[in-house]
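**Student:** Starting from these lines, generate the structure:
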Amino acid sequence: MSFNLRNAILANVSGSDAQQVEATITDAIQSGEEKMLPGLGVLFEVYWQQANEQDKNEMIQQISKGLQR
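**Tutor:** Here you go, the predicted model:
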């Protein structure tokens, strides 16, 4: 039996508006639970697939800056 975690996460958040997406992200980060990391990864993947090159470069720069702490 195969379970596709990516599809399950997408089905769970499908149809969410901006406020709901923000709440999902905030909750995942504030909870600090590792089980939330795959969901954040899927949301990042959705963003990445929709982003233009400038947005991708900005995201890369922000992540890189955050990793320099």
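
**Student:** Nearest residue to the middle of this protein?
**Tutor:** residue 43 (2.8 Å; CA atoms, centre = their mean).

**Student:** residue boundaries of the helices in this structure?
**Tutor:** Assigned by DSSP state H, the chain shows helices spanning 5-13, 18-31, 37-50, 53-67.

**Student:** Could you figure out how far the longest one is turned away from helix 37-50?
**Tutor:** Think helix 53-67. 150 degrees (axes from the mean of the first three to the mean of the last three CA atoms, to 10 degrees).

**Student:** Convert helix 53-67 to PDB, retaining C-alpha atoms only.
**Tutor:** Only the C-alpha atoms of helix 53-67 are listed here, as PDB (Å, rounded to 0.1, in the frame of the first residue of the first chain):
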ATOM      1  CA  GLU A  53      13.200  33.900 -11.600                       C
ATOM      2  CA  GLN A  54      13.300  37.200  -9.600                       C
ATOM      3  CA  ASP A  55      11.100  35.800  -6.900                       C
ATOM      4  CA  LYS A  56      13.200  32.600  -6.700                       C
ATOM      5  CA  ASN A  57      16.400  34.600  -6.500                       C
ATOM      6  CA  GLU A  58      15.000  36.800  -3.700                       C
ATOM      7  CA  MET A  59      13.900  33.700  -1.800                       C
ATOM      8  CA  ILE A  60      17.300  32.100  -2.200                       C
ATOM      9  CA  GLN A  61      19.000  35.300  -0.900                       C
ATOM     10  CA  GLN A  62      16.700  35.500   2.100                       C
ATOM     11  CA  ILE A  63      17.200  31.900   3.000                       C
ATOM     12  CA  SER A  64      21.000  32.300   2.600                       C
ATOM     13  CA  LYS A  65      21.000  35.300   4.900                       C
ATOM     14  CA  GLY A  66      19.000  33.400   7.500                       C
ATOM     15  CA  LEU A  67      21.500  30.500   7.400                       C
END
